[in-house]
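Peer 1: here's my sequence, what's the structure:
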Amino acid sequence: MSEVELDQVAAERLSHADRVFTSDLSIDEFLLLENLGFEPLEFVMGTSVFHIGWQPQQRMRSMEMTVLTGAMYQARENAMARMQAEADAVHADGVVGMRLNWRQHGVSAEHIEFIAVGTSVRYAKEPGRYRRPDGRAFTSHLSGQDLFKLASAGYAPVAFVLGNCVYHVAAQGFMQTVKQMGRNMEMPQWTQAYYESREIAMSRMQAEAERDGAGGVVGVSFTASEWVWGPHTMEFYTSGTAVRRVGEARPMNPSPVLGMG
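Peer 2: Below is the predicted model:
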């Protein structure tokens, strides 16, 4: 994730961060993280309103739409980098419960906004222990409960990582359409296009994890969206939290829970 300069409006808000903390953590998450030794600092955010460019396509050819892939990736990176800058400004060790959302912006379907938010935290017992190998705050989409279990297993989050691929699936020829009418049969160009585009997205996410010095990725999710490009062009998007081992696993003693129903 590229380093960006802290926005001046955000800098003014964060200058009061040492007076009272803000957090979107639930009560359970707050207490679990406190038990681990983390203290919340500030609700941090980043945003990017982006115009999606246009790219010509070949109707009868399956191919990645590199202009569109780049636009979607850059918009997300902008939002996350600005959130990261806010976390670094308050000397956080990490950002937990991160969410990366989007919405269409304005009257044009080609205008979108990506928003990255989360709660910045500091490891009070040993500030800096959980930071990334490059010294910056970690980012993680894991819940407070999952982070507690991860730390108990001897792992620490490194970074929220992602991969994407906007892909055009070739249209069927007339004869192929006729042959499959009323029959059960595979549609090979769709199968192959889906395989290729998913593999591209997955490999990009794994490359980000390797770049950031992680040993693996947990909590991986995968989505396919048509966005504004129609049924033959869609984005495959995958994300997760890259992690690294920092110590030995601690024993966990589960407690029975009795329902009151």
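Peer 1: ok, residue 49 - contacts?
Peer 2: Residue 49 makes contacts with 105, 111-113, as judged by CB atoms under 8 Å, 6 or more residues apart in numbering. Using the backbone N, CA and C atoms, a C-beta is placed for each residue, glycine as well.
Peer 1: at 7 Å instead, please
Peer 2: With contact set as CB atoms under 7 Å, 6 or more residues apart in numbering, residue 49 has these partners: 105, 111, 113.
Peer 1: and the first one, how close does it get to residue 71?
Peer 2: If I follow you right, that is residue 105. Using CB to CB, to the nearest Å, we find residue 105 at a distance of 13 Å from residue 71.
Peer 1: the more surrounded of the two?
Peer 2: residue 71 (20 against 15; other CB atoms under 10 Å).
Peer 1: next helix or strand past the helix or strand of the chain with the lowest mean pLDDT?
Peer 2: Within the chain, no helix or strand scores below helix 174-180, which has a mean of 64 by mean pLDDT, DSSP states H and E. Counting by DSSP states H and E, the next helix or strand C-terminal to helix 174-180 is helix 188-211.
Peer 1: what helices or strands is that following helix leaning on?
Peer 2: In terms of contacts (3 or more CB pairs under 7 Å, 6 or more residues apart in numbering; DSSP states H and E), helix 188-211 is packed against strand 155-168, strand 216-225, strand 233-245.
Peer 1: please identify the deepest-packed of the ones you listed.
Peer 2: Highest mean neighbour count of those: strand 155-168, a mean of 25 (counted as mean count of other CB atoms under 10 Å).
Peer 1: for residue 218, name its beta-bridge partners.
Peer 2: Under DSSP bridges, the beta-bridge partners of residue 218 are residue 241.
Peer 1: pLDDT at residue 163, what is it?
Peer 2: Model confidence at residue 163, expressed as pLDDT, equals 95.
Peer 1: no no, residue 31
Peer 2: Residue 31 is assigned a predicted lDDT (pLDDT) of 91.
Peer 1: ok, how many other residues are close to it?
Peer 2: By the criterion of other CB under 10 Å, residue 31 has 13 neighbours.
Peer 1: check the one 3 residues further on too.
Peer 2: Here the count is done by other CB under 10 Å, and residue 34 has 15 residues near it.
Peer 1: what helix or strand does it sit in?
Peer 2: Take DSSP H and E as the rule and residue 34 turns out to sit in helix 27-36.
Peer 1: partner strands of the following helix or strand past that helix, parallel or antiparallel?
Peer 2: Proceeding C-terminally, helix 27-36 gives way to strand 38-51 as the next helix or strand, assigned by DSSP H and E. Strand pairing for strand 38-51, determined by DSSP bridges: strand 111-123 (antiparallel).
Peer 1: what's the angle between the partner strand and strand 155-168?
Peer 2: Computed by axes from the mean of the first three to the mean of the last three CA atoms, to 10 degrees, the angle separating strand 111-123 from strand 155-168 equals 170 degrees.
Peer 1: just the CA trace of strand 111-123, in CSV.
Peer 2: What follows is strand 111-123, C-alpha atoms only, in CSV (Å, rounded to 0.1, in the frame of the first residue of the first chain):
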residue,chain,number,x,y,z
HIS,A,111,-18.6,7.5,-10.7
ILE,A,112,-18.0,5.5,-7.6
GLU,A,113,-16.8,6.1,-4.0
PHE,A,114,-14.8,3.6,-2.0
ILE,A,115,-14.7,4.1,1.8
ALA,A,116,-12.3,2.4,4.2
VAL,A,117,-13.0,2.6,7.9
GLY,A,118,-11.9,0.9,11.1
THR,A,119,-10.8,1.5,14.7
SER,A,120,-7.1,2.3,15.3
VAL,A,121,-5.6,0.6,18.4
ARG,A,122,-2.4,0.6,20.4
TYR,A,123,-0.8,-2.4,22.2
